[in-house]
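Chemist: 3D model of this:
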Amino acid sequence: MSKLKQLITDDMKLAMKAQDKPALKAIRMILGAIKQKEIDERIDLDDNQVMAVIQKMVKQRKDSISQFSDAGRTDLVEVEEAELLIINNYMPTQLSDDEIEAAVVKAISDTGADSMKDMGKLMGILKGQLDGKADMGQVSQLIKSKLS
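Modeler: Down below sits the predicted model:
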C-alpha cells in the first residue's frame, strides 16, 4: 500500500473516532475514488497515481464550486468548499505565483521558446516539474502571456 493511501486510511480512522462527519465523508470519497481506479485498472496505485486521483478530485470540486456559484447555490458551494479543504490536505504544498513565474521564465529561456508554436513543448517540460504543485491552467495562461 502506498504511503499516501495509508495516511488517508489512518486519517479516516481518526475522523471516525472523533465523529467528524464532514471529514469522514470527504475521506471516504477519496478512498472510494482510489479503490475505483485500482479495481478498474486491476493494480495497486503508487503515491504518484494516488496523487493523480486526488488532483482530479480537486479539479472537480473547483469546477463544481464555479458552477454552483454561477447558479447562486451557496448551500452547495459551502459543501464543495468544505470537501475541497479536506482533499487539499493530501496535496503537496502549492507554489507561490512568483515561483511559478520563475519556473515558466526558466523553461522559456532553457528551450529558446519564442512563439505559441512552442507551447506544447513548454507545457510538457513544466508539467513534469510543477504537476501537483501548481494549477496547470494558471501555468498555461502564464505561458501564453509570456509568448504573445
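Chemist: Grab the most central residue of this structure for me.
Modeler: For the chain, the residue sitting closest to the mean C-alpha position, by Cα atoms, centre = their mean, is Gln55 at 2.7 Å.
Chemist: List the residues that contact it.
Modeler: Each residue near Gln55 by Cβ atoms under 8 Å, 6 or more residues apart in numbering is listed here: 91, 131-132. Any C-beta I mention is one placed from the backbone N, CA and C, and that applies to glycine too.
Chemist: Try it again at 7 Å.
Modeler: Gly132 (Cβ atoms under 7 Å, 6 or more residues apart in numbering).
Chemist: Name the residues of the helix or strand where it lies that are buried.
Modeler: Per DSSP states H and E: Gln55 is located in helix 47-70. Neighbour counts over helix 47-70 (16 or more other Cβ atoms under 10 Å) mark 49-51, 53-55, 57-58, 61, 64-65, 68 as buried.
Chemist: Go through the helix or strand containing Ala102 and flag the buried ones.
Modeler: Using DSSP H and E, Ala102 falls within helix 97-111. Under the neighbour-count criterion of 16+ other Cβ under 10 Å, helix 97-111 has 100-101, 103-104, 107-108 buried.
Chemist: same thing with stretch 125-140?
Modeler: Judged by neighbour count (16+ other Cβ under 10 Å), stretch 125-140 contains these buried residues: 125-126, 130, 132, 134-136, 139-140.
Chemist: between those residues, which is closest to Lys17?
Modeler: Using Cβ to Cβ, Gly132 is the member of these that lies nearest Lys17, at 29.3 Å.
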